[in-house]
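In: this is a predicted model, with the sequence first.
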Amino acid sequence: MARAPFAADPARSRGREFATTADGTRGPRTAFQRDRDRIIHSIAFRRLAGKTQVFIAPDGDHFRVRLTHSLEVAQIGRVIARELQLDEDLTEALCLAHDIGHPPFGHSGEEALDAAMKPHGGYAHNEHTLRVLMRLDSPYCDFPGLNLSWEVLEGLAKHNGPVISPGWALAGLDADYPLALAEHSSLEAQVAALADDIAYDNHDIDDGLRSGFLRLDDLLALDFVAEQWRAVERRYPHARLEAQLRELVRGQIGLMVNDLLATTSANLAGMCSADDIRQAGMPIAAFSPAMAAQERRLKAFLYERLYHHSEQLATARKAKALIARLFAAYSEDPTLLSLGWRDILPVEDSDRARHIGDFIAGMTDRYAIDQYARIFGKVPEGLSNV
């Protein structure tokens, strides 16, 4: 398909940290297609199937986890990229990889790891995504990490925009392979970040309603959601409530995608190259002011009614305690680490703490629970509330 002049061009990629020669034996793929495929085939990507999205270690099979969320983000991202004539493969790679740095138990696990590692620079899941992809997940013989293209790495590094004060993890990686952290990212990366917002805003509503933590009546206090709900009721007056709720979520996604496309298309006036996007001094991919305000209200609602629900907070406290105790146990007795990690334990205190943090961050929810039971002789209670 045609590529817009402001789209990223794999034929003009800035390359990879470690130079390689494509010999064609593994198929005729562009640089960004190779990146996407390397991500999909990575161990780190597979582990997302066992990591928290909203609900910790859910017993129900229908609740989202990091893997299903990432796939949904990629679907939304590809739709937007295709309409804007961007590189779909780069967009998809960014969408699929954006959550790879999350530890077990989601943001609760991240807060516990950050606290445990505070004397050694702390922990941030977005920076850890780069650490995993560039150093830790190393299936190749010729180089560490997945050796992804510069465009993928810089897009992930700037998932939330330019980075002025990187933490230790990103600062070290940027010193090895500069990622122009102070600049805006490609339009593909900007689209991937907003596709993430669209996906979790609406799919977290879906899971919240399914769990019973959210009530439809409370959700309809948001005027723009209520308007969508009235449209669903008019169109499908006799449908089952569950089907109507799924239609509401689909409608909300479509509304946000269409608003993003219209606003971004208007912002692209005069943009003639990918460099124009980076040097614009502002994000080009964006919601309209009205939609941005609605999206902020929706996020505030989700924080109040779902993420900070009393049962969620109680479960989060138990998850944080589990991570804190695991970190302390491994620090006190590194022989408790698995054999491969134990054999390469660094000597210096900060390096050792970061090594232990890397080990814990790679765990799935269930593996962390199993390790806790192995070390402390009991399974922690109350780590699933759905």
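Out: Yep, it's here.

In: so how far is the first residue of stretch 266-273 from its last?
Out: Between the start and the finish of stretch 266-273 there is a gap of 16 Å, counting by Cα to Cα, to the nearest Å.

In: neighbours of the nearest residue to Asp259 once chain neighbours are set aside, how many?
Out: Taking Cβ to Cβ, 6 or more residues apart in numbering, and ignoring the residues beside it in sequence, Asp259 has Met291 as its nearest neighbour in space, at 4.3 Å. Every residue, glycine included, has its C-beta placed from N, CA and C. Met291 is flanked by 18 other residues according to other Cβ atoms under 10 Å.

In: Ile164 touches Ala171, doesn't it?
Out: No. The pair formed by Ile164 and Ala171 falls short of the contact definition of Cβ atoms under 8 Å, at 11.4 Å.

In: sorry, back to before: helix or strand: which one has the residue nearest to Asp259?
Out: Here Met291 sits within helix 289-302, counting by DSSP states H and E.

In: what is the helix or strand following that helix packed up against?
Out: Remark: after helix 289-302, the chain's next helix or strand is helix 310-332, criterion DSSP H and E. Under the contact criterion of 3 or more Cβ pairs under 8 Å, 6 or more residues apart in numbering; DSSP states H and E, the helices and strands touching helix 310-332 comprise helix 106-116, helix 349-361, helix 365-376.

In: quick one: contacts of the shortest one?
Out: So the one you mean is helix 106-116. Where contact means Cβ atoms under 8 Å, 6 or more residues apart in numbering, the residues beyond helix 106-116 that reach it are 51-54, 56, 66, 102-103, 105, 122-125, 315-317, 319-324, 327-328, 353, 357, 360-361, 368.

In: nearest residue to Leu133 other than its sequence neighbours?
Out: Closest residue in space to Leu133, ignoring its immediate chain neighbours: Leu146 at 5.2 Å, by Cβ to Cβ, 6+ apart.

In: residue contacts, the one you found?
Out: With the criterion set at Cβ under 8 Å, 6+ apart, Leu146 makes contact with 35, 38-39, 42, 133-134, 137-140.

In: do that again at 10 Å, thanks
Out: Counting by Cβ atoms under 10 Å, 6 or more residues apart in numbering, Leu146 touches 16, 34-35, 38-39, 41-42, 44-45, 97, 132-140, 152-153.

In: quick one: pLDDT of it?
Out: Predicted confidence (pLDDT) at Leu146: the value is 98.

In: kindly report the same for Thr25.
Out: Looking at Thr25, its pLDDT reads 68.

In: again, but for the one 10 residues further on
Out: Here the pLDDT value assigned to Asp35 is 97.

In: so it sits against Glu188, correct?
Out: No. With contact taken as Cβ atoms under 10 Å, Asp35 and Glu188 are classed as non-touching, separated by 11.4 Å.

In: can you check which residues contact both of those two?
Out: Counting by Cβ under 10 Å, 6+ apart, the contacts common to Asp35 and Glu188 are 89-90, 92-94, 151-152.

In: how about these, which pair is most distant?
Out: Taking Cβ to Cβ, the two most distant members of those are Glu92 and Glu151; they sit 12.6 Å apart.

In: what touches both of the two?
Out: Counting by Cβ under 10 Å, 6+ apart, the residues touching both Glu92 and Glu151 are 32, 35, 188.

In: output the contacting helices and strands for the strand or helix carrying the last one.
Out: When you say that, I think you mean Glu188. With secondary structure defined by DSSP H and E, Glu188 is part of helix 187-211. Identification of packing neighbours for helix 187-211 by 3 or more Cβ pairs under 10 Å, 6 or more residues apart in numbering; DSSP states H and E yields helix 66-83, helix 88-97, helix 150-157, helix 216-219, helix 241-267, helix 274-278, helix 289-302, helix 310-332.

In: would you list the buried entries among the shared contacts of Asp35 and Glu188?
Out: 89-90, 92-94, 151-152 (16 or more other Cβ atoms under 10 Å).

In: of all those residues, which comes closest to Ile277?
Out: When these are compared for distance to Ile277 (Cβ to Cβ), Glu151 comes out closest, at 11.9 Å.

In: so the closest one sits right up against Ala93, yeah?
Out: Yes. If you go by Cβ under 10 Å, Glu151 and Ala93 touch, sitting 8.8 Å apart.

In: tell me, what's touching those two both at once?
Out: 31-32, 35, 87, 188.

In: turn these into JSON lines, columns for distance to Ala221 and neighbour count.
Out: As requested, these are exported to JSON lines (distance: Cβ to Cβ, whole Å; neighbours: other Cβ atoms under 10 Å):
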{"residue": "Ala31", "distance to Ala221": "47", "neighbour count": "25"}
{"residue": "Phe32", "distance to Ala221": "43", "neighbour count": "25"}
{"residue": "Asp35", "distance to Ala221": "43", "neighbour count": "29"}
{"residue": "Asp87", "distance to Ala221": "40", "neighbour count": "24"}
{"residue": "Glu188", "distance to Ala221": "36", "neighbour count": "31"}
